[in-house]
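Engineer: Show me how the following folds:
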Amino acid sequence: MTNFNKIITLSKQLASSLLKEEKPTVLQNSDFFNDIEKKNIHKRLTSESEIKKRLSLKNKIDKKADWEKVKNRIGVEPSVRKLYWKYIAAASVLIIVTLTVFTNKFNDEPQFVESVIVNNQIEPGVEKATLLLESGEIIVLEKGKSFQKQNLTSDGEVLIYNNKSSHKLVYNYLTIPRGGQFQLTLSDGTKVWLNSESQLKYPVSFNDSETRQVELVYGEAYFDVSPSTKHKGTSFKVYHNKQEVEVLGTEFNIKAYKDENNIYTTLVEGKVAINTENESKILKPDEQSNYNTHLNTLQLKEVNVFREVAWKYGAFSFKHKSLKEIMKVLSRWYDMEVIFENQELEDVTFNGVLYRNQPIEEVLLLIKSSSSISAYEINNKTILLK
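Structural biologist: As a prediction, this is how the structure comes out:
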């Protein structure tokens, strides 16, 4: 487990100590969502006093004190402390407090929403991918299914290539479908986490005398790049469409889905150069570039890094996101279709964090408790919002 994963795990434990009277929380135990108790839960979630109570817990968080507890327990190195202490307490609040309250406004009275479930076939995503070899052979990778072939192995959750150099570049494609995710370790030791509906093209092995290059064909990927000092000084580049990201040893996230005109690159640690047809810019940690492929413009801004990479740690983090944007993200992960019968709902904005392994009914319960949704229907893999 990486230091950051340890931090996130321990942050959950620290923040949960503030909610002793509510263990297990509604979202940590799906048993609370049986047919008998749904109305009580709904009333509780939409109660102004309960929501304000949870939000007031933010004031009880002592960022420095909590960070001291974290670093003392896991022995975080100084360089890591400098990078992550800024948002470790924020992660505590988001993952525990906000997970219990997904809000856009306080309701004066609980509004019970009619729900119709015909045949719910919507499930959270799991580890699954399709590997296309140079020979044309297609291999299905999935959780619980091991695979081994020459210089690569998989336990069903991670695909690992042997660490060796080659003068001939042979490419593989790893494709993640809707409702899937997968982790990949390239032959140089670079680790890549691929989100749902993504595809990566990469060499089976790199030539240590040349730049290491991969292509994010589409989708979203988080890169933890093996430093150039371990590979005779060779840099690492990620291509997508008209954008090139050049790194020397760093962690960053690229989001470039087929149905969007924008490529978002978020720097977690290190330094990267964003190169487009017209300009080049250097990203610093906590910065994000937004390259509009339609307008051919490149802009930089500071962002909350945790919110941008929460998917890698098993969560969705939304701030001032419209329901339309949220449902686009959830549709990829749950492999579902969402139809807005009431189109006014598309522009309603929300703040909140959700677990990626939550049943879709729990997600809808949270959303409807803080919105003007009058009814929803689940039919097979389609959700109708009314």
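Engineer: The helix or strand K201 falls within: what's the following helix or strand?
Structural biologist: Assigned by DSSP states H and E, K201 belongs to strand 198-203. For strand 198-203, the succeeding helix or strand toward the C-terminus, using DSSP H and E, is strand 212-224.
Engineer: List the pairing partners of that next one within its sheet, with orientation.
Structural biologist: strand 191-194 (antiparallel), strand 198-203 (antiparallel), strand 236-240 (parallel), strand 251-256 (antiparallel) (DSSP bridges).
Engineer: what is the mean pLDDT for it?
Structural biologist: In this model, strand 212-224 has a mean pLDDT of 97.
Engineer: hey, C-alpha coordinates of it in PDB?
Structural biologist: C-alpha atoms of strand 212-224 as PDB (Å, rounded to 0.1, in the frame of the first residue of the first chain):
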ATOM      1  CA  ARG A 212       9.600   6.100 -23.300                       C
ATOM      2  CA  GLN A 213       6.300   6.800 -25.000                       C
ATOM      3  CA  VAL A 214       2.700   5.700 -24.500                       C
ATOM      4  CA  GLU A 215      -0.600   6.800 -25.900                       C
ATOM      5  CA  LEU A 216      -3.800   7.400 -24.000                       C
ATOM      6  CA  VAL A 217      -6.100   6.700 -26.900                       C
ATOM      7  CA  TYR A 218      -9.100   7.800 -24.900                       C
ATOM      8  CA  GLY A 219     -10.500   7.800 -21.300                       C
ATOM      9  CA  GLU A 220      -8.800   8.600 -18.000                       C
ATOM     10  CA  ALA A 221      -5.500   7.400 -16.500                       C
ATOM     11  CA  TYR A 222      -3.400   8.100 -13.500                       C
ATOM     12  CA  PHE A 223       0.400   7.700 -14.000                       C
ATOM     13  CA  ASP A 224       3.100   7.100 -11.400                       C
END
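Engineer: Contacts for that strand, please.
Structural biologist: 173, 176, 186, 188, 190-203, 206, 231, 234-240, 247, 250-258, 309, 311-312 (Cβ atoms under 8 Å, 6 or more residues apart in numbering). C-beta: built from backbone N, CA, C; applies to glycine.
Engineer: Which of the residues you listed are buried, as a ChimeraX select command?
Structural biologist: The ChimeraX command for the buried members of those (criterion: 16 or more other Cβ atoms under 10 Å) is given here:
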select :173,176,186,188,190,191,192,193,194,195,196,197,198,199,200,201,202,203,206,231,234,235,236,237,238,239,240,247,250,251,252,253,254,255,256,257,309,311,312
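Engineer: where do the strands sit along the stretch 51-200 of the chain?
Structural biologist: Applying DSSP state E, counting those that start in this stretch to the stretch 51-200 of the chain gives strands spanning 114-120, 126-132, 138-142, 147-149, 152-154, 158-161, 171-176, 180-185, 191-194, 198-203.
Engineer: right, and L345 touches I373 too?
Structural biologist: Yes. Between L345 and I373 there is a contact at 6.2 Å, judged by Cβ atoms under 8 Å.
Engineer: joint contacts of the two?
Structural biologist: With Cβ under 8 Å, 6+ apart, L345 and I373 have common neighbours L385.
Engineer: Contact partners for S205?
Structural biologist: N151, Y161, N162, K164, S165, S166, L169, V170, S187 are the contacts of S205 under Cβ under 8 Å, 6+ apart.
Engineer: in this structure, which helix or strand is least confident?
Structural biologist: helix 99-100 (a mean of 41; mean pLDDT, DSSP states H and E).
Engineer: which regions of the stretch 251-386 of the chain sit below the pLDDT cut-off?
Structural biologist: 370-372 (pLDDT under 70).
Engineer: What segments of it are helices?
Structural biologist: 305-309, 323-334, 360-369 (DSSP state H, counting those that start in this stretch).
Engineer: Give me the angle between the longest one and helix 360-369.
Structural biologist: Using axes from the mean of the first three to the mean of the last three Cα atoms, to 10 degrees, the direction of helix 323-334 lies 170 degrees away from that of helix 360-369.
Engineer: mind listing what's buried in helix 323-334?
Structural biologist: For helix 323-334, by 16+ other Cβ under 10 Å, it's L323, I326, M327, V329, L330, S331, R332, W333, Y334.
Engineer: ok, of these, which one's closest to V363?
Structural biologist: L330 (6.8 Å; Cβ to Cβ).
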